[in-house]
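Visitor: sequence and predicted structure, then a few things I'm wondering about:
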Amino acid sequence: MRLTLDNPASVAAPFGDRFAHVARIDVGGGALLMLAGQVAVDDDGKVVAPGEPGAQAERIFEIVDGVLAAHGACFDDVLHIRTFMTDLADLPAYAAVRRRVFTGTPPPASTTVEISKLFLPGAVLEVEVTAVVRSR
């Protein structure tokens, strides 16, 4: 096994060197990707659409898509999604975006947790993803 911590050059790392966007564990002919929690921020680290779960979900999955693509994976390679929400009443807006992104049947395993707040004011969602890079 080999571990690589990475901030792909193709995806802005708005929080600089505070954390790696992804931990990649190469095993055999493939790899396991563990993406850090992603929030809806622009390239400068400012919250996109404060308080708007649907718009924030769109931005989060744009970021996730870029990180996955930088490692040769896509949404079909996602094994598990962990979502932190400040209000479970926002679940329908988030779920609508998620259904559009994950079209496979069944969708990935999932955990959703309601929390009191996130570290950035205006952020209402944070999403962690675990995916595989399949051997080709």
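Guide: Structure's in. What do you need?

Visitor: quick one, what contacts the residue in the chain sticking out farthest from the centre?
Guide: Largest separation from the mean C-alpha position in the chain: residue 28, at 24.6 Å (Cα atoms, centre = their mean). The contact partners of residue 28, by Cβ atoms under 8 Å, 6 or more residues apart in numbering, come to residue 135. Where C-beta positions appear, they are placed from N, C-alpha and C, glycine not excepted.

Visitor: if you set the cut-off to 10 Å instead, what comes out?
Guide: 1, 135 (Cβ atoms under 10 Å, 6 or more residues apart in numbering).

Visitor: ditto for the one 5 residues further on
Guide: By Cβ under 10 Å, 6+ apart, residue 33 lies in contact with 4, 6, 21-25, 67-68, 70-73, 77-79, 129-133.

Visitor: just checking: what are the partner strands of the helix or strand that contains residue 80?
Guide: If you go by DSSP states H and E, residue 80 is part of strand 78-85. Strand 78-85 pairs in its sheet with strand 109-114 (parallel), strand 125-133 (antiparallel), by DSSP bridges.

Visitor: could those strands be laid out in JSON lines, adding mean pLDDT?
Guide: Output for the strands paired with strand 78-85, formatted as JSON lines (pLDDT from 0 to 100):
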{"stretch": "strand 109-114", "mean pLDDT": "97"}
{"stretch": "strand 125-133", "mean pLDDT": "97"}
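
Visitor: how about those in TSV, adding distance to residue 56?
Guide: Output for the strands paired with strand 78-85, formatted as TSV (distance: least, Cβ to Cβ, whole Å):
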stretch	distance to residue 56
strand 109-114	15
strand 125-133	5
